[in-house]
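Student: pasted the sequence and its predicted model underneath.
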Amino acid sequence: RKSVEKYSDKLIEKSHQLYDELLEKEIIPAIEREKAEELSVKEMEEVVEKLDEKIEEYNKAIKASEVGSERKKLRSERKLPKQSRKQLMDFITRKQKYQNDMEIFGDRNSYSKTDPDATFMRMKDDYMKNGQLKAGYNVQIATEGQYVLAYDVFPNPTDTRTLIPFLDLIEENFFELPEHIVADAGYGSEQNYEDVIENRNRTPLITYNQYRKEKKKKHKNNAFHVDNWDYKEDEDTFLCPNGRKVRFSHHSKRTDRYGFTREFK
């Protein structure tokens, strides 16, 4: 995805520069644009049509010309619109490819060219302890007493992003959710907790990534971790290791690339 976005940005810049050059040298008239920063495929095709008209004008002028030096001059002037047309046709092909790539990506960062539904994922080590990055799928299984009750296959490599759609699938096609939703720390996120509690009225028994670390003696004895600071609820302040009060400043919100908004104090 990063490569496609990088090359797409370069293409936008190059096509914009070429269009400005053609306008500046009065080879084509200005066209109606949707966005000032970017030429769409349709707009580039319109520029190609204008260039075709200009090239045809030169072709007629060359044919009608009898003097050798004049014909040579016209041929020389025709080079830029011909080269620009060839360049724009290449830009159109590439832009269409990048747009198609982005549609296939969806919210993923990669896909396999031989199997576009598959995503490159970090697989578990092989017998030689080598990490494997391969195209694959994320299989989710719901169990009770070691019996498989439901399953689904996802193209997203992170378990965090699969819990909500998997629970939706279970409710729609398999069974009513139990009172407690149990999962390991790979599924722990504020969005997942909120969904299970508020949207499904169930209890999530799901730890978060730092849970085990926070239970260790080393963490609990570290005076510089905010979790270990004294909190005064009546004043809404923390007391730092230097004995200074850390007062409430403000609330803030952060929205991730998937559209989920978290609130911070």
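Tutor: Okay, I see it.

Student: tell me where this structure has helices.
Tutor: Ranges of helices in the chain, per DSSP state H, are 2-24, 41-64, 68-105, 163-173, 190-194, 211-215, 217-220.

Student: which residue is the nearest non-sequential neighbour of Lys265?
Tutor: Once flanking residues are discounted, Lys265 sits nearest to His251: 5.7 Å by Cβ to Cβ, 6 or more residues apart in numbering. The way it works is simple: take the backbone N, C-alpha and C, and place the C-beta from them, glycine included.

Student: ok, now which ones touch that neighbour?
Tutor: 263-265 (Cβ atoms under 8 Å, 6 or more residues apart in numbering).

Student: show me these that map onto strands.
Tutor: 263-264 (DSSP state E).

Student: okay, the contacts of His251 in JSON lines with neighbour count, distance to Ser65 and pLDDT next?
Tutor: What follows is the contacts of His251, written out as JSON lines (neighbours: other Cβ atoms under 10 Å; distance: Cβ to Cβ, whole Å; pLDDT from 0 to 100):
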{"residue": "Glu263", "neighbour count": "9", "distance to Ser65": "74", "pLDDT": "90"}
{"residue": "Phe264", "neighbour count": "8", "distance to Ser65": "73", "pLDDT": "89"}
{"residue": "Lys265", "neighbour count": "8", "distance to Ser65": "78", "pLDDT": "89"}
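
Student: dump the contacts of His251 to CSV, plus distance to Cys240.
Tutor: Compiled in CSV, the contacts of His251 are given as follows (distance: Cβ to Cβ, whole Å):
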residue, distance to Cys240
Glu263, 23
Phe264, 19
Lys265, 17
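
Student: name the nearest of the contacts of His251 relative to Asp236.
Tutor: Nearest to Asp236, judged by Cβ to Cβ, of these is Lys265 at 9.2 Å.

Student: what's across from Arg254 in the sheet?
Tutor: Arg262 (DSSP bridges).

Student: next one: it from Glu263, what distance?
Tutor: Here Arg254 is placed at a distance of 8 Å from Glu263 (Cβ to Cβ, to the nearest Å).

Student: then Glu49?
Tutor: 52 Å.

Student: and if you look at Asn192?
Tutor: 16 Å.

Student: what of Phe224?
Tutor: In terms of Cβ to Cβ, Phe224 sits 25 Å off from Glu263.

Student: repeat for Leu51
Tutor: Taken as Cβ to Cβ, the span from Leu51 to Glu263 is 54 Å.

Student: so which residue is dead centre in this structure?
Tutor: Ranked by distance to the mean C-alpha position of the chain (Cα atoms, centre = their mean), the top residue is Asp107 at 5.2 Å.

Student: would you list the phi and psi of it?
Tutor: Backbone dihedrals for Asp107, given as degrees, to the nearest 10, come out at phi -100, psi 20.

Student: residues contacting it?
Tutor: 156, 161, 257-258.

Student: for those residues, give me JSON lines that also has pLDDT, neighbour count and distance to Asn138.
Tutor: Listed next are these as JSON lines, based on pLDDT from 0 to 100; neighbours: other Cβ atoms under 10 Å; distance: Cβ to Cβ, whole Å:
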{"residue": "Asn156", "pLDDT": "87", "neighbour count": "17", "distance to Asn138": "6"}
{"residue": "Arg161", "pLDDT": "90", "neighbour count": "19", "distance to Asn138": "9"}
{"residue": "Arg257", "pLDDT": "78", "neighbour count": "6", "distance to Asn138": "18"}
{"residue": "Tyr258", "pLDDT": "78", "neighbour count": "9", "distance to Asn138": "16"}
